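[1] My questions are about this predicted structure, shown below with the sequence.
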Amino acid sequence: MSDYDVIIIGSGAGGGTLARHMAPSGKKILLLERGDWLPREPQNWSAGDVFVNNRYVSPDTWYDADGKPFQPQVHYYVGGATKLYGAALYRMRKEDFGELQHHGGVSPAWPIPYEEMEPYYTKAEQLYQVHGARGEDPTEPPASAPYPFPAVSHEPRIQQLSDDFAAAGLHPFHAPCGVMLNEANMPYSNCVRCSTCDGFPCLVHAKSDAEVLGVRPALEHPNVTLLTNATAVTLATNSAGTAITEVVVERDGVRETYSADIVVVSAGAANTAKLLLASASDKHPNGLANGSDQVGRNYMFHDSQAVLALSKEPNNTVFQKTLGVNDYYFASDEWEFPMGNIQMVGKSVADMYRGEQPLMTKLAPTFSLTEVADHAIDFWLSTEDLPLPDNRVSLDGDGNVVLNYKSTNDGARDRLFKQLRSLLGHLGMQEHHLIPRWAYLENKIPVAGVAHQAGTCRFGSDPATSALNTDCRAHEVDNLYVVDTSFFPSIAAVNPALTAMANAVRVGDHLLERLGGNAG
Ligand SMILES: Cc1cc2nc3c(=O)[nH]c(=O)nc-3n(C[C@H](O)[C@H](O)[C@H](O)COP(=O)(O)OP(=O)(O)OC[C@H]3O[C@@H](n4cnc5c(N)ncnc54)[C@H](O)[C@@H]3O)c2cc1C
Ligand code: SF4
């Protein structure tokens, strides 16, 4: 007899959403989280503490392909990486579910079509209170419901930017945003529309993160238990290797074991691979559920670039992340391959630039850092990173994560940068300055910027080429599921969290059916 119906390992976008979705069923659920609650404190909104001193980057050491240690940009908290995320909650495009030829190679098809994910995207948008406007983005996939909340309005400089993009023949749109903002009734709005959102924790709990809208509502149900500071270290199976019998956990320096009918791993792409690889046994000599040798492989993390342009007029915007441009998502008249998505990143301030060498040397002779901050308009360019088998997570002899990664699709990334740069003159910007920034990217050590990590346990119909089946159940272990971004066979060029959330609801429905329960 198991202790629980379901154990969920990791409380981020995947695990936190699954816990919330399954909680009303009355099933006995244990949520294991290696981190603690993220402290609510004034430093939550301090650029110096968050960006310069990395106050909320959790201590961990990973190694690159040459064995050099680095600190990955990970956030081990209740709610996972969503505690710090920018809450840009995009659906993948319908075409992203099919095979797409890129400049740098092929982005493989998903084993399910967009239409199968669509109802779950709608549910995830409702759970995470997404604000947006349908019909503006020319690449938007079909949706069965409007956004649950109206789009977040542009502030004047961003409205001007939107108008200028449109005058240049593009189709700017209101970006989908997970903030609990009520512009029609600000005295009752949870969100105060501040400048310290993207990359910061929300001090007033108004960001649609997996702690606030996943874990906390789940814990209102007495059948859900959360253990913090509880790291799953291995998964043990029955003698045939067909089912997990024990989850071995380290909590406050003590080893404990828990059992459940179903075990769901959602520890983030790298840590999920780590846990499965560390659970090798006689029946699973290459790592648990790794007969296909796919566990750890095809690690992706987006070819993202944070870039800063200098507006001729001052940019007084407070909440900047309201605009997107997808005209280059698939191709343009001059370039036949997909380039990706242009969106805004949180408004930069002088404090964030400290130590950013490219920015300082390029602009310092002409502009002071305060002048730069006053005029900065900050963009985030995302190009699809393609899955390569040799871009992988493996373990060294001491069980540490080794991340072997080479960038892919660089030509498309450079092309997107050039497209934006060529437009600066039409957008009221200094024409020659489009400057790469770190933002939360850690450009110093590219492999450390793991915010958008995905891949490592791809789902598919063929057990020879995938670790999980289309229900995200391990092909080789009957009661093992994975619901973080590990299951992605390709990462598209939009932010990944909403897809992880939607998929967690999809897998949750499957689990409820399997366990004979209702979503409530
Ligand atoms: C600064 C920043 C900005 C971002 N902005 C956006 C954005 O605007 N839009 C977007 O879509 N995405 C954004 N992302 C990415 C997004 O947050 C992630 O894609 C998403 O959270 C991934 O969900 P996940 O469930 O795979 O992993 P996570 O959310 O990271 O959750 C994994 C959880 O597992 C826990 N864990 C790990 N190992 C163990 C273990 N062994 N035992 C127990 N628990 C464990 C971790 O502590 C963590 O809580 C951003 C990320 C960052 C860091
Ligand atoms: S903009 Fe809103 S959601 Fe974001 S940190 Fe500020 S108050 Fe929180």
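    In hand now; what should we look at? Ligands and ions are numbered 1, 2, ... in the order given.
[2] List the buried residues in stretch 272-288.
    Applying a neighbour-count criterion of 16 or more other C-beta atoms under 10 Å, one finds 272-279, 284, 287-288 buried in stretch 272-288. (Each C-beta comes from the backbone N, C-alpha and C, glycine too.)
[3] How about stretch 503-518?
    Buried-residue list, stretch 503-518, by 16+ other C-beta under 10 Å: 503-509, 511-512, 517.
[4] can you confirm Ile262 is in a helix?
    No: per DSSP: H, G, I helix; E, B strand; the rest coil, Ile262 lies outside any helix segment and is strand.
[5] and the closest residue in space to it that isn't next to it in sequence, what helix or strand is that in?
    Nearest non-adjacent residue to Ile262, counting by C-beta to C-beta, 6 or more residues apart in numbering: Val6, 4.7 Å away. Here Val6 sits within strand 4-9, counting by DSSP states H and E.
[6] Show me the contact partners of that strand.
    Under the criterion C-beta atoms under 8 Å, 6 or more residues apart in numbering, residues 15, 18-19, 22, 27-32, 232, 247, 258-267, 275, 511, 515 lie in contact with strand 4-9.
[7] Could you do stretch 216-233 as well?
    With C-beta under 8 Å, 6+ apart as the test, stretch 216-233 has contacts from 9, 11, 16, 19-20, 22-37, 78, 215, 247-252, 255-256, 265, 267, 275, 278.
[8] how many other residues sit next to the closest residue to Trp62 other than its chain neighbours?
    Excluding the flanking residues, the one nearest Trp62 by C-beta to C-beta, 6+ apart is Val401, at 4.2 Å. Counted with other C-beta atoms under 10 Å, residues neighbouring Val401 total 21.
[9] Test for you: state the pLDDT assigned to Val401.
    Looking at Val401, its pLDDT is 98.
[10] now swap in Arg437 and tell me
    77.
[11] cool, and Gly355?
    For Gly355, the pLDDT comes out at 61.
[12] Ligand 1 contacts on the stretch 51-200 of the chain?
    Residues of the stretch 51-200 of the chain lying close to ligand 1 (C-beta under 6 Å from any ligand atom) are 75-77, 80-82, 84-89, 199.
[13] Would you mind checking those for buried ones?
    Neighbour counting by 16+ other C-beta under 10 Å classes 75-77, 80-82, 84-89, 199 among those as buried.
[14] So which residues of the stretch 51-200 of the chain form helices?
    Assigned by DSSP state H, counting those that start in this stretch, the stretch 51-200 of the chain shows helices spanning 114-127, 156-167.
[15] The closest residue to Asn315 other than its chain neighbours: how many residues sit nearby?
    What sits nearest to Asn315 in space, not counting adjacent residues and going by C-beta to C-beta, 6+ apart, is Arg157, at 4.8 Å. Residue neighbour count, defined by other C-beta under 10 Å, stands at 19 for Arg157.
[16] Could you do Ala373 as well?
    When neighbours are defined as other C-beta under 10 Å, Ala373 has 19 of them.
[17] what sits opposite the residue of the stretch 101-250 of the chain found nearest ligand 1 in the beta ladder?
    Going by C-beta to the nearest ligand atom, ligand 1 is nearest to Ala232 of the stretch 101-250 of the chain, at 3.9 Å. Counting by DSSP bridges, Ala232 is bridged to Val249.
[18] Tell me the predicted confidence for it.
    What the model reports for Ala232 is a pLDDT of 98.
[19] How many residues are close by it?
    The tally of other residues near Ala232 (other C-beta under 10 Å) stands at 25.
[20] Next, the contact list for the residue lying closest to Tyr258 once chain neighbours are set aside, please.
    The spatially closest residue to Tyr258, leaving aside those adjacent along the chain, is Val247, at 4.9 Å (C-beta to C-beta, 6+ apart). When contacts are counted by C-beta under 8 Å, 6+ apart, Val247 touches 7, 9, 32, 232, 235-236, 257-260, 263.
[21] Sort out which of the residues you listed are buried, if you could.
    Among the contacts of Val247, the ones that count as buried by 16+ other C-beta under 10 Å are 7, 9, 32, 232, 235, 258-260, 263.
[22] Distance check, Leu323 against Met429.
    Separation of Leu323 from Met429 (C-beta to C-beta, to the nearest Å): 14 Å.
[23] Also Gln294?
    Counting by C-beta to C-beta, the gap from Gln294 to Met429 is 44 Å.
[24] Between the two, tell me which one has more neighbours.
    Using other C-beta under 10 Å, the more surrounded residue of Gln294 and Met429 is Gln294, with 26 against 23.
[25] Just give me how far the strand holding Val6 sits from the chain centre.
    Remark: strand 4-9 is offset 23 Å from the chain centroid, using C-alpha atoms, centre = their mean, to the nearest Å.
[26] can you start the count at 593 instead of 1 from here on
    Shifting the count to begin at 593 puts that one at strand 596-601.
[27] Downstream of it, the next helix or strand is which one?
    For strand 596-601, the succeeding helix or strand toward the C-terminus, using DSSP H and E, is helix 605-614.
[28] Who are the packing partners of the next helix or strand after that following helix?
    As assigned by DSSP H and E, the chain's next helix or strand after helix 605-614 is strand 621-624. Packing partners of strand 621-624 (3 or more C-beta pairs under 8 Å, 6 or more residues apart in numbering; DSSP states H and E): strand 596-601, helix 605-614, strand 816-819, strand 822-829.
[29] strands paired with strand 621-624, and their directions?
    Applying DSSP bridges, strand 621-624 is found paired with strand 596-601 (parallel), strand 816-819 (parallel).
[30] Is it possible to mark the buried ones in the contacts of stretch 808-825?
    601, 603, 608, 611-612, 614-617, 619-627, 670, 807, 839-841, 857, 859, 867, 870.
[31] Get me the contact residues on this structure for ligand 2.
    So the chain meets ligand 2 at 771, 783-786, 788-789, 794, 796, 798-799, 911 (C-beta under 6 Å from any ligand atom).
[32] now with 8 Å?
    Neighbours of ligand 2 within the chain, by C-beta under 8 Å from any ligand atom: 637, 679, 771-773, 782-790, 792-800, 911.
[33] hmm, back to that, closest one to His723 among the helices and strands packed on strand 621-624?
    helix 605-614 (17.8 Å; C-beta to C-beta).
[34] How far does that closest one sit from its chain's centre?
    Its chain's C-alpha centre lies 15 Å from the corresponding centre of helix 605-614 when counted by C-alpha atoms, centre = their mean.
[35] same question, stretch 853-865
    15 Å.
[36] Can you list the low-confidence ranges for the protein?
    Counting by pLDDT under 70, the chain contains low-confidence ranges at 946-958, 1030-1038, 1109-1112.
[37] If we use 80, what do you get?
    Applying pLDDT under 80 to the chain flags residues 593-594, 894-895, 943-959, 1024-1025, 1029-1040, 1109-1112.
[38] what about the longest helix in it?
    Scanning the chain for the helix with the most residues, using DSSP state H, yields helix 1089-1107.
[39] is it anywhere near ligand 1?
    Yes: Helix 1089-1107 reaches ligand 1 (C-beta under 8 Å from any ligand atom) through 1089-1092, 1096.
[40] picking that back up, of the residues of the chain next to ligand 2, just the buried ones, ChimeraX syntax please.
    To isolate the buried ones among the residues of the chain next to ligand 2 in ChimeraX, judged by 16+ other C-beta under 10 Å, type:
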select :637,679,771,772,773,783,785,786,787,788,789,790,792,793,794,795,798,799,800,911
